[in-house]
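In: My questions concern the predicted model and sequence given below.
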Amino acid sequence: EIGIWKIDNPEANVSFERRTKGMLTLDSWVNASGLDSRNSLQEVCRRGFLFPVTGSGLKFTHGNIPRENIEEGEGGSTLGPRTFILCDVAVGRSFIQDDPEGPVTPPMGY
């Protein structure tokens, strides 16, 4: 079973479109369980994402939702409801993180 809700904030959309004019934007998924309290679902819907001041960024997935987030748990039990946010992401200075479980460290000089 799947439930999908569209949550739209016209004011945030206009602001995003203004700031990203001429930039490449991608549809991306974010697993809401991986966000901190500054980026709760309610806050993201109200004003968008807040990025860490450390410059470490946030992880966005373009394409399919990662399989480990949707598979059944051990013994066939389901993992329960999960929340993903489908959002537009403007591509700026991105980098590839080879080890998804490793620390998020921007490359030297970034």
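Out: That came through, no problem. Residues are numbered from 1 along each chain as shown.
In: going forward, measure contacts and count neighbours with C-alpha atoms only.
Out: Will do.
In: Could you list the buried residues of stretch 49-63?
Out: Within stretch 49-63, the residues that count as buried by 16 or more other Cα atoms under 10 Å are 60, 62.
In: Quick one: mean pLDDT over that stretch.
Out: Averaging pLDDT along stretch 49-63 yields 83.
In: first vs last residue of it, how far apart are they?
Out: One end of stretch 49-63 to the other measures 20 Å (Cα to Cα, to the nearest Å).
In: Contacts for that stretch next, please.
Out: Residues lying outside stretch 49-63 but in contact with it, judged by Cα atoms under 8 Å, 6 or more residues apart in numbering, are 26, 27, 28, 29, 30, 38, 39, 43, 104, 105, 106.
In: so which of those residues would you say is closest to residue 8?
Out: Proximity of the contacts of stretch 49-63 to residue 8, judged by Cα to Cα, is greatest for residue 43, which lies at 12.4 Å.
In: Quick check: phi and psi on the closest one?
Out: phi -70, psi -40 (degrees, to the nearest 10).
In: How is residue 104 assigned, secondary-structure-wise?
Out: Reducing the assignment at residue 104 to three states with DSSP: H, G, I helix; E, B strand; the rest coil gives coil.
In: Would you map the strands across the chain?
Out: 25-31, 61-62, 84-90 (DSSP state E).
In: closest one to residue 13 among the ones you listed?
Out: Comparing those against residue 13 with Cα to Cα, the closest turns out to be strand 84-90 (9.5 Å).
In: which one's the longest helix in this protein?
Out: Secondary structure assigned by DSSP state H gives helix 10-19 as the longest helix of the chain.
In: Flag every buried residue along that helix.
Out: Of the residues in helix 10-19, those with enough neighbours to count as buried (16+ other Cα under 10 Å) are residue 16.
In: How far off centre is that helix?
Out: 17 Å (Cα atoms, centre = their mean, to the nearest Å).
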